[in-house]
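Enquirer: Sequence first, then the predicted structure, then my questions.
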Amino acid sequence: ARQGWREAAYRTVPCTPVAAAGILHVPTQDNRITFHIAPGLRQNSPADVMRGEETQVAGALALNPGFDGVICAPGTHSKWMQVSAGEVVSFQTYMTGELFALLSTQSVLRHSMTIDGTEPWDDAAFDAGLSDALSRPDRIAARLFSLRAEFLLHGLTPTQARARLSGLRIGIELAGAKPYWLGQKVILIGAPSLAANYIRALKAQGLTAETLDATACTLAGLSALHKGMT
């Protein structure tokens, strides 16, 4: 990354998720250690970048040879990636997780919800937020403030507010990413706890997604990259 140790140039999609070409060798003070930085991917229009998820995609393809469809990596910056013939064709990033963190801890909504994540989850509240966002994505800003109003006026609990906010943020992401997932095979890369709400949200749209462990995909992707270097 530009703010990291060394910056490796991006590779432009469409391209394979990882390749030996462009790998940056970084000198170290210990001759016993060989350190390499693999390049991330870039998309010129609409402008987008990824660093790290491409390794997980390579791992997912190694674990699922011949897969054609969409791979989603939920997280702080969720990514939806169209994959075909072993290449990442296009991708889109959504600041879903970061927005949730900002809204739940630094906006007026923080007074209306729990923030430690240890409370029981409310599926009904999540589903309500999801439905609101998918049916009327143009009203997302208003629906966000309604969480505060319903807490003050109608007894919305902090647990319900947190789950509904999660539903709203994932719903607005799915609304934007609909051209990616509609009618497609979908793989989710992430820990079960992270992917669970995405599985539930996609199921509500009639779509069954396969889940792959993020660590397993990362290791498989690094292994594939290493094989390409030898």
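Expert: Arrived safely, thanks for sending.
Enquirer: where along this protein do the strands fall?
Expert: 11-12, 24-26, 35-37, 41-43, 48-50, 69-73, 78-84, 87-94, 186-189, 210-212 (DSSP state E).
Enquirer: Export the ones you listed as JSON lines, with columns for distance to Ala141 and mean pLDDT.
Expert: (Each C-beta comes from the backbone N, C-alpha and C, glycine too.) Formatted as JSON lines, the strands of the chain follow (distance: least, Cβ to Cβ, whole Å; pLDDT from 0 to 100):
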{"stretch": "strand 11-12", "distance to Ala141": "34", "mean pLDDT": "96"}
{"stretch": "strand 24-26", "distance to Ala141": "42", "mean pLDDT": "80"}
{"stretch": "strand 35-37", "distance to Ala141": "39", "mean pLDDT": "82"}
{"stretch": "strand 41-43", "distance to Ala141": "27", "mean pLDDT": "97"}
{"stretch": "strand 48-50", "distance to Ala141": "24", "mean pLDDT": "97"}
{"stretch": "strand 69-73", "distance to Ala141": "25", "mean pLDDT": "98"}
{"stretch": "strand 78-84", "distance to Ala141": "20", "mean pLDDT": "98"}
{"stretch": "strand 87-94", "distance to Ala141": "16", "mean pLDDT": "98"}
{"stretch": "strand 186-189", "distance to Ala141": "28", "mean pLDDT": "98"}
{"stretch": "strand 210-212", "distance to Ala141": "31", "mean pLDDT": "96"}
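Enquirer: can you give me the helices in the chain?
Expert: 53-63, 96-106, 123-135, 140-153, 158-176, 178-181, 192-204, 214-229 (DSSP state H).
Enquirer: Of all those helices, which one is nearest Val26?
Expert: helix 214-229 (14.3 Å; Cβ to Cβ).
Enquirer: So what touches the closest one?
Expert: Residues from elsewhere that reach helix 214-229 (Cβ atoms under 8 Å, 6 or more residues apart in numbering): 17-20, 23, 36, 38, 54-60, 62-63, 73, 189-191.
Enquirer: Just send the strands of the chain back as TSV, with distance to Arg148 too.
Expert: Converted to TSV, those look like this (distance: least, Cβ to Cβ, whole Å):
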stretch	distance to Arg148
strand 11-12	43
strand 24-26	47
strand 35-37	44
strand 41-43	36
strand 48-50	32
strand 69-73	30
strand 78-84	25
strand 87-94	23
strand 186-189	31
strand 210-212	34
